[in-house]
Structure formats: C-alpha cells, structure tokens
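>>> The amino acid sequence is not available; the structure is as follows:
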C-alpha cells in the first residue's frame with residue numbers, strides 16, 4: 001500500500017471513530033444542563049435546587065467525562081440497550097424501531113417514485129442514443145424537478161392536494177393513502193436529480209471513442225445501448241448514494257409537515273425536548289443507514305465496472321457542452337428578480353404592526369399582511385438578508401476551510417466522507433439539541449456539510465497548480481515550500497475556488513431556510529424565509545398569500561441554485577456579456593461534480 005493510501009485509510013478510520021465517540025458523548029457535549037430539563041419533565045413538583053439537580057445527574061449517568069459517558073453508552077448498545085428516555089422514562093429501543101419501520105416504508109415508496117421519475121427523464125436520452133441522434137441530456141424538466149426542495153414541495157402538496165382538493169389525507173400514518181403525498185415530496189426531487197445526472201452521463205458516454213468503434217464494427221444497437229447505460233451508471237452511482245442519503249435527511253421535514261411518526265420526526269422531537277438518549281439512538285440508526293447505502297453504492301460500482309481497477313483505468317466520460325444559454329439566462333433573470341424584491345421591500349418596516357391581520361394583497365400591501373398585521377413584502381425582503389447574509393458568511397468560511405485543508409489532502413479524506421454523508425437537517429437537529437435553535441447553530445450545521453465539496457475541488461486545483469512546469473522548478477531554484485504555496489499556488493487556486501463557492505451560495509441559503517422552517521434556525525420575530533413559511537402554513541385556508549409570498553421567494557432561490565449548479569465548472573458568462581475569442585480563453589479548472597445534497 002502506498003504512503004498516500006495508508007494515510008487516507010488512517011484518516012477514514014480516525015474520522016469514523018471520532019463520529020462514534022461524538023454520538024456516544026452527546027449528553028456531555030450539551031451546553032444546556034440536561035438534568036434541569038429532565039427535572040422539569042419528570043418531577044415538575046420539585047424545586048430545581050442544586051441537590052435535586054445533582055441527584056438527577058447521578059440518575060442519568062452524567063457523571064464523568066466524555067470518554068466515560070461515551071464508553072458506558074456504547075457498552076449498552078453492544079448489549080442491545082439503547083438507553084432510557086429522559087422525558088418518558090421508558091426504554092428508547094421500541095420507539096426507535098417503530099420509527100425506523102415507518103421511515104423505511106416511506107423511503108421505499110419514495111425510492112420507487114424516484115426511479116419512475118428518473119426513468120421518465122432518461123427514456124428520451126436512451127431513445128436518442130438508440131436512433132443515433134444528437135443527445136442533449138435530461139433537459140429542462142429535470143432541472144425543474146431538481147429545483148423543488150422537499151420541505152417546500154411537501155407544503156405545496158399539503159395545501160393544494162390535501163387541503164383544497166381533499167383528494168388524500170393531510171396528516172397521519174393510517175394507510176397507503178397517507179403515504180402518497182409524502183412519498184411524492186421525497187421522491188420527485190431525488191428522482192429529478194438522479195435522472196439529470198444519469199441523462200448527462202449518458203450524453204457524455206455516448207460520445208466516447210469506443211462507442212463509435214463498436215458502431216462501426218457492426219455491434220447491435222441494443223448491445224451498444226446496454227454498454228453505454230452501464231458505463232454511465234458506473235460514473236454516477238456514488239452520487240446516487242448521496243442522493244439516497246439526502247432522501248433520509250429530507251424525511252425530517254416531510255414527516256414533520258405530514259405528522260408522520262417516522263425517524264425524522266422522532267429525531268426532531270428528541271432535539272426539541274432535549275431527550276438526548278432518544279437522539280443518540282436516532283442518529284445511530286441514521287448513521288447505520290448511511291453506511292449501508294455507501295457500501296451498497298460502492299459494491300454496485302465495482303459490479304458495473306467488472307471488479308476493482310487501478311487508478312486512472314477508466315477515464316471520466318466527456319463533459320456535456322456548457323454553452324447552455326437557457327441556464328445562463330435563468331441565472332441572470334433570477335438574480336435580477338431577487339434584486340428587484342430587495343429594492344422594493346427593504347425600505348419597508350418588517351416589524352411594524354399597523355395593518356389588519358391577514359390583510360389581502362393590494363397596492364399598499366403587494367404581498368398582503370401576516371397573522372400579526374405585518375407587511376409581508378417587507379418581511380420577505382428582509383428575510384432575504386436574514387437568509388443570504390449568513391449564507392454568504394458560510395460560503396466564505398467554507399472556501400477558507402477548503403483552501404487550508406487542500407494542502408493536507410490525505411488527512412482530510414475521512415472527514416470529507418463523513419461530512420458528505422451528513423444531511424444538513426440531521427446536523428441541524430444535533431446542534432439544536434446541544435446548543436439550542438439559533439441562527440449560529442444553523443449556520444454551523446450548514447457549514448459542516450458545505451466545506452467538503454469545496455475542499456475536494458481545492459485538492460484538485462492545488463494538484464494541478466503544483467504540476468505546472470514553473471512551479472515544479474521553483475524548489476530547485478531555492479524557493480522554500482511555504483513561499484511556493486503562498487506566492488505561486490494559492491493565487492492560482494483561490495479565484496477558481498471563490499467562483500465555485502459563490503455558485504453554491506443559493507443552495508446554502510436554501511439549506512438555511514429548511515432549518516428555519518423546522519424551527520432549528522432563526523426564531524420569531526426574525527423575518528427568515530423558512531420561518532415565514534412555517535408561520536403562514538397554519539393560515540393557508542383563510543389567507544393563502546401568507547404562504548405564497550415566502551414560497552415564491554424560496555422557489556426563486558431554488559431556481560437560481562439549480563441554474564448555478566448547471567453553470568458550475570463552466571466558463572460562465574452573463575447572458576449579455578460579449579463573447580471572448582477562443583484563443584484568449586483561460587484554461588478551465590477541473591470540473592467539480594454537481595452536488596447530490598442540494599437543498
């Protein structure tokens with residue numbers, strides 16, 4: 001085994017052990033005294049005296065440091081004991097397994113929806129390859145489906161299909177009918193992304209040289225089609241695994257919207273009540289599911305490739321052409337509409353209560369008023385700042401972290417893989433349980449899942465910069481390694497990495513909004529987009545504009561995020577910018593794969 005491979009393996013092992021230790025030590029990590037919460041929940045008649053709190057701490061096993069607490073919990077897990085609920089005093093295991101069963105059923109139905117959606121998107125691409133016609137990928141339909149975050153789609157289906165049309169049950173878990181809308185809310189975005197990735201991979205694989213050779217040699221088209229499909233699946237199966245993990249994270253919001261007693265809602269309830277043993281068991285179940293998905297994805301990739309191959313044996317399929325004027329126009333128009341919203345709404349007061357409650361939209365109130373009589377246009381516009389400004393800070397921090405860690409690539413392989421397998425909502429649930437629901441906690445949760453793609457891209461950029469001829473000669477000229485990095489590598493890497501980070505800004509904002517929708521981010525009366533949608537959904541029958549205003553803003557930022565992902569890694573120009581001559585075009589940095597965990 002090479003030294004670099006050995007270091008990467010050690011990094012993965014240490015990252016896995018660190019994750020297990022953190023899960024076991026969650027009670028110790030909490031910045032809010034769990035004993036006080038348990039005392040109020042179980043013994044409300046007792047005064048919270050120091051003696052009473054100390055007795056509760058001893059009863060809960062909170063004595064000792066993080067290593068002792070983690071070791072005791074893992075010892076119980078290895079013996080089949082997941083602990084006792086701090087709130088109810090009942091064993092955690094039966095509740096977790098019931099929630100896992102509900103979520104597993106919902107996930108299977110959602111994956112079925114995802115495969116049907118992906119098949120519908122990929123079918124035209126396969127037909128074009130079979131008929132030897134130009135292939136253009138999944139098209140705008142896949143983009144539209146990818147632009148629908150789970151919590152927003154779930155809210156829309158609840159309002160339109162369940163409340164207004166009354167076709168299906170709005171809440172609960174009483175039969176197949178109650179599973180249809182949640183499965184659609186979870187499956188459509190994942191299926192749109194899967195179909196989009198696979199369609200683009202098919203378009204690229206169909207242009208490889210071996211396909212032309214096979215066709216010229218007289219191979220049947222069905223044989224060529226099957227080989228192209230297998231080649232494309234091998235290149236995206238790892239991303240498909242991340243999509244499935246994203247479905248698990250999206251289930252938290254969907255189960256909360258439809259009041260489904262699954263694992264996601266179980267986790268959210270445990271975090272809100274600070275029932276850390278229940279949270280530990282739920283996180284362990286989520287982590288086990290992520291490991292199973294990751295192993296299945298890796299095994300599937302090996303099977304598709306016919307076994308393990310040396311590095312570089314399979315070249316990536318050719319990239320689809322990036323001259324996508326539609327994506328450029330979509331991105332530009334979306335940013336222009338967002339700027340118009342800010343110009344019209346920022347001069348207004350988002351906190352002043354001077355209007356009639358739930359006032360309908362008018363010339364004075366273009367978006368209407370909320371349940372407290374506040375101007376919704378003002379709140380949506382100021383909510384843009386409340387969402388986008390923290391998102392900008394997260395992007396800057398993620399770029400800085402990625403740039404620093406790019407110089408120790410083997411040491412960060414494990415943390416990158418662990419963070420990639422963590423949906424932002426799950427990270428938000430854990431941090432809210434430890435530190436309380438705040439904007440800062442939500443920002444930390446989103447940062448945790450935002451830096452790995454930037455770090456991976458930075459590693460590729462650093463390797464490319466260090467391979468440039470003049471950089472390779474600098475050490476021979478007596479230039480110190482630190483000076484080489486600071487003066488010759490970082491100036492080349494930083495601009496491309498910063499552009500990548502800015503293209504991720506809308507997606508980061510959407511992740512923050514999803515946490516705000518669940519009550520894990522900004523708290524009232526802060527005008528944050530996800531919080532506004534959550535506040536208005538209770539009045540949707542009487543005043544649908546209370547949800548329509550923040551929903552339109554979220555759809556706008558979703559469209560911008562998907563358009564930015566389409567432009568990511570391409571030589572992006574604004575739609576009206578003049579074309580540059582081909583001879584003057586700067587070299588394009590290696591393309592970063594599109595994120596599979598986009599909110």
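Okay, I see it. Note that the structure is predicted; figures quoted are calculated from it, not measured. Residues are numbered from 1 along each chain as shown.
>>> in terms of contact, does residue 530 touch residue 517 like I think?
Yes - assessed by CB atoms under 8 Å, residue 530 is found in contact with residue 517 at 3.5 Å. Quick note: C-beta positions are derived from backbone N, CA and C, even for glycine.
>>> Overlap in contacts, these two.
Contact with both residue 530 and residue 517 is made by residues residue 151, according to CB atoms under 8 Å, 6 or more residues apart in numbering.
>>> Show the residue spans covered by the helices in the stretch 401-550 of the chain.
Ranges of helices within the stretch 401-550 of the chain are 413-420, 424-435, 439-466, 469-473, 481-484, 490-503, 505-517, 529-536, 545-567, based on DSSP state H, counting those that start in this stretch.
>>> just those: most buried one?
Highest mean neighbour count of these: helix 505-517, a mean of 29 (counted as mean count of other CB atoms under 10 Å).
>>> quick check: angle from that one to helix 490-503?
Calculated by axes from the mean of the first three to the mean of the last three CA atoms, to 10 degrees, helix 505-517 forms an angle of 50 degrees with helix 490-503.
>>> follow-up on the earlier one: let's have the helices of the stretch 401-550 of the chain in TSV, adding distance to residue 259 and mean pLDDT.
Compiled in TSV, the helices of the stretch 401-550 of the chain are given as follows (distance: least, CB to CB, whole Å; pLDDT from 0 to 100):
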stretch	distance to residue 259	mean pLDDT
helix 413-420	30	74
helix 424-435	17	80
helix 439-466	23	84
helix 469-473	58	79
helix 481-484	57	80
helix 490-503	36	82
helix 505-517	15	84
helix 529-536	14	86
helix 545-567	17	80
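>>> Now distance to residue 115 too, for these, in JSON lines please.
What follows is those, written out as JSON lines (distance: least, CB to CB, whole Å):
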{"stretch": "helix 413-420", "distance to residue 115": "23"}
{"stretch": "helix 424-435", "distance to residue 115": "23"}
{"stretch": "helix 439-466", "distance to residue 115": "25"}
{"stretch": "helix 469-473", "distance to residue 115": "47"}
{"stretch": "helix 481-484", "distance to residue 115": "49"}
{"stretch": "helix 490-503", "distance to residue 115": "29"}
{"stretch": "helix 505-517", "distance to residue 115": "24"}
{"stretch": "helix 529-536", "distance to residue 115": "29"}
{"stretch": "helix 545-567", "distance to residue 115": "21"}
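>>> Which of those sits closest to residue 153?
Ranking those by proximity to residue 153 (CB to CB) places helix 545-567 first, at 9.9 Å.
>>> just checking, what packs against that closest one?
Contact here means 3 or more CB pairs under 8 Å, 6 or more residues apart in numbering; DSSP states H and E; on that basis helix 545-567 packs against helix 139-146, helix 150-157, helix 325-345, helix 376-405, helix 490-503, helix 505-517, helix 529-536.
>>> Those into a markdown table, with extra columns for distance to residue 251?
What follows is the helices and strands packed on helix 545-567, written out as a markdown table (distance: least, CB to CB, whole Å):
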| stretch | distance to residue 251 |
| --- | --- |
| helix 139-146 | 18 |
| helix 150-157 | 8 |
| helix 325-345 | 28 |
| helix 376-405 | 23 |
| helix 490-503 | 27 |
| helix 505-517 | 12 |
| helix 529-536 | 17 |
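>>> the domain parsing of the protein - what is it?
Domains of the chain are assigned by automatic domain parsing as 3-78, 93-305, 323-349+372-577.
>>> Could you tell me the least trusted of those?
For the domains of the chain, mean pLDDT drops lowest on domain 3-78, to a mean of 70.
>>> returning to what we had before: identify whichever of the helices and strands packed on helix 545-567 lies nearest to residue 202.
Among the helices and strands packed on helix 545-567, helix 139-146 comes nearest to residue 202, with 12.1 Å by CB to CB.
>>> Helices along the stretch 201-350 of the chain, start to end?
209-216, 221-257, 263-273, 276-305, 325-345.
>>> can you put these in CSV and add distance to residue 397?
Formatted as CSV, the helices of the stretch 201-350 of the chain follow (distance: least, CB to CB, whole Å):
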stretch, distance to residue 397
helix 209-216, 43
helix 221-257, 21
helix 263-273, 24
helix 276-305, 24
helix 325-345, 22
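>>> any idea which of those helices is most buried?
helix 263-273 (a mean of 24).
>>> Please state the offset of that one from the chain centre?
Offset of helix 263-273 from its chain centre (CA atoms, centre = their mean, to the nearest Å): 19 Å.
>>> Let me see the residues that make contact with it.
By CB under 8 Å, 6+ apart, helix 263-273 touches 37, 41, 87, 95-96, 99-100, 102-103, 248, 251-256, 259, 275-276, 278-279, 282-283, 285-286, 425-426, 429-430, 432-433, 518-520.
>>> Tell me which of the helices of the stretch 401-550 of the chain lies nearest to residue 334.
Among the helices of the stretch 401-550 of the chain, helix 545-567 sits nearest to residue 334 (CB to CB), with 4.0 Å.
>>> could you check the angle helix 490-503 makes with the closest one?
150 degrees.
>>> Taking helix 150-157 as reference, get the angle to helix 545-567.
140 degrees.
>>> For residue 562, see how far away residue 327 is.
8 Å (CB to CB, to the nearest Å).
>>> cool, residue 106 as well?
Applying CB to CB to residue 106 and residue 562 gives a distance of 25 Å.
>>> likewise residue 391?
From residue 391 to residue 562 the distance is 16 Å (CB to CB).
>>> quick one: contacts for residue 385?
342, 346.
>>> most residues in a single helix of the chain, which one?
helix 92-130 (DSSP state H).
>>> Buried ones in it, by neighbour count?
92, 95-96, 99-100, 102-103, 105-107, 109-111, 113-114, 117-118, 120-122, 124-126, 128-129 (16 or more other CB atoms under 10 Å).
>>> For it, what is the distance to the chain centroid?
17 Å.
>>> Can you name every helix or strand that it contacts?
helix 139-146, helix 176-205, helix 221-257, helix 263-273, helix 276-305.
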